[in-house]
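A.B. asks: Predicted model and sequence follow; I will ask about them next.
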Amino acid sequence: MRQLHHTFEISTRGQGLYDFTAEVARWLAASGLRDGLLTLFVRHTSASLIVQENADPDVQGDLERFLARLVPENDPIYRHTLEGPDDMPAHIRAVLTQTQLSIPVNAGRMVLGSWQGIYLCEHRRASHRREVAAHLIGA
Amino acid sequence: MRQLHHTFEISTRGQGLYDFTAEVARWLAASGLRDGLLTLFVRHTSASLIVQENADPDVQGDLERFLARLVPENDPIYRHTLEGPDDMPAHIRAVLTQTQLSIPVNAGRMVLGSWQGIYLCEHRRASHRREVAAHLIGA
Amino acid sequence: MRQLHHTFEISTRGQGLYDFTAEVARWLAASGLRDGLLTLFVRHTSASLIVQENADPDVQGDLERFLARLVPENDPIYRHTLEGPDDMPAHIRAVLTQTQLSIPVNAGRMVLGSWQGIYLCEHRRASHRREVAAHLIGA
């Protein structure tokens, strides 16, 4: 049984989904582990992780529009406003999605379904460099 | 330390929650592992996983009604509409719930609370056969 | 490779976020494990787990107000009302956040970002004693 750590760095240019499935798959292949559990953990509170459809890019646009409407900017209930109108909505959107994902690895591959991609969700307008910590345990 | 993989197949007949706690518990018992971490991963983007109350079935109905209202069909913001009016809401509902669950195993049992059940959430109207990949690591 | 189990007990006094990062860090330090995966699992269906900003307490208040408005009490769609007006909203709020969190451990520390804290979300009004099961696997 072995363990590996890695940090994925993802450059974002505004709100939306960023597919990094291929980067994760490459790291997994390079690890030599065939059987185990892969965990991804986003090190931020205004970005998050999801697994979603990777076929039609409209799915990603629709999801972004839905989240923007569900968690509006300039909502009078917000007191945390010093970091900009998109900051508190970003925290809430992060809470409603995922901070962490664990994916079983079987026969050298993640057990993703045919249409599943791994996405970083950027919830802030400005460009950011986001870190996703990765851990792999297995054999 | 050992690892096991399995795939749970769950037949769904429309939107709602499907309890498969007993199937997971049976697989765990058959594995012989007493101490470890069990991970469930749904291999779809229009179904998801949750842990919820297994005592009063009204909880499941209320949750389904809440999600149906929160994520309406035929919303004018959707562009991904080719696969039917329930498809894009299904993706959003999947994002707002969970793709994956990990549950510690202690003394041969999942550490679920007394009233916790493991549910597949079907977010589409038609019948489907859903796959949940399972991974167990431990001793 | 070793495994450890623990149960964190968190006393809550009404709805809101309860930071227990320091308790988790202390348990991790005492374990002697330097490299592994830490999993937290809440054993209730009306409380949940999130990772959120630990700098400005207004973030926590804003999040609580957002959830209270998104999932109102006394909603006419609820049938599960016997346990009080805050019970069904608590189940829904738990589903929209997380039951479980896994955090990689590297060089003896959780890979949390600078501003990330681990919170129990209490979704009920009354005081409760909540249990979070913890599992650590690693070396």
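C.D. replies: Great, that's in hand.

A.B. asks: how far off helix B:57-70 does the longest helix along chain A point, in degrees?
C.D. replies: If you go by DSSP state H, chain A has its longest helix at helix A:57-70. On the basis of axes from the mean of the first three to the mean of the last three Cα atoms, to 10 degrees, helix A:57-70 is oriented at 100 degrees to helix B:57-70.

A.B. asks: could I have helix A:57-70 exported to PDB, CA atoms only?
C.D. replies: Provided in PDB are the C-alpha atoms of helix A:57-70 (Å, rounded to 0.1, in the frame of the first residue of the first chain):
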ATOM      1  CA  PRO A  57     -21.000  22.900 -22.900                       C
ATOM      2  CA  ASP A  58     -24.500  24.400 -22.500                       C
ATOM      3  CA  VAL A  59     -24.800  22.300 -19.300                       C
ATOM      4  CA  GLN A  60     -22.000  24.300 -17.800                       C
ATOM      5  CA  GLY A  61     -23.500  27.600 -18.900                       C
ATOM      6  CA  ASP A  62     -26.900  26.700 -17.500                       C
ATOM      7  CA  LEU A  63     -25.500  25.700 -14.200                       C
ATOM      8  CA  GLU A  64     -23.500  28.900 -13.900                       C
ATOM      9  CA  ARG A  65     -26.700  31.000 -14.700                       C
ATOM     10  CA  PHE A  66     -28.700  29.000 -12.200                       C
ATOM     11  CA  LEU A  67     -26.200  29.500  -9.400                       C
ATOM     12  CA  ALA A  68     -25.900  33.200 -10.200                       C
ATOM     13  CA  ARG A  69     -29.700  33.600  -9.900                       C
ATOM     14  CA  LEU A  70     -30.000  31.400  -6.800                       C
END
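
A.B. asks: got the contact list for the residue lying farthest from the centre of chain A?
C.D. replies: Within chain A, the residue lying farthest from the chain centre (Cα atoms, centre = their mean) is residue A:76, at 28.4 Å. If a contact means Cβ atoms under 8 Å, 6 or more residues apart in numbering or on different chains, then residue A:76 has no contacts. Using the backbone N, CA and C atoms, a C-beta is placed for each residue, glycine as well.

A.B. asks: so what's the backbone phi/psi at it?
C.D. replies: phi -60, psi -10 (degrees, to the nearest 10).

A.B. asks: Mind pulling the model confidence for it?
C.D. replies: Residue A:76 is assigned a predicted lDDT (pLDDT) of 97.

A.B. asks: repeat for residue A:112
C.D. replies: 98.

A.B. asks: before we move on, what about residue A:8?
C.D. replies: Value for residue A:8, per-residue pLDDT: 98.

A.B. asks: If we ignore the residues flanking it in sequence, what's nearest residue A:92?
C.D. replies: Distances taken as Cβ to Cβ, 6 or more residues apart in numbering or on different chains put residue A:71 closest to residue A:92, at 4.7 Å, once the chain neighbours are dropped.

A.B. asks: what sits against that neighbour?
C.D. replies: So residue A:71 contacts A:89, A:92-93, A:96, C:66 (Cβ under 8 Å, 6+ apart).
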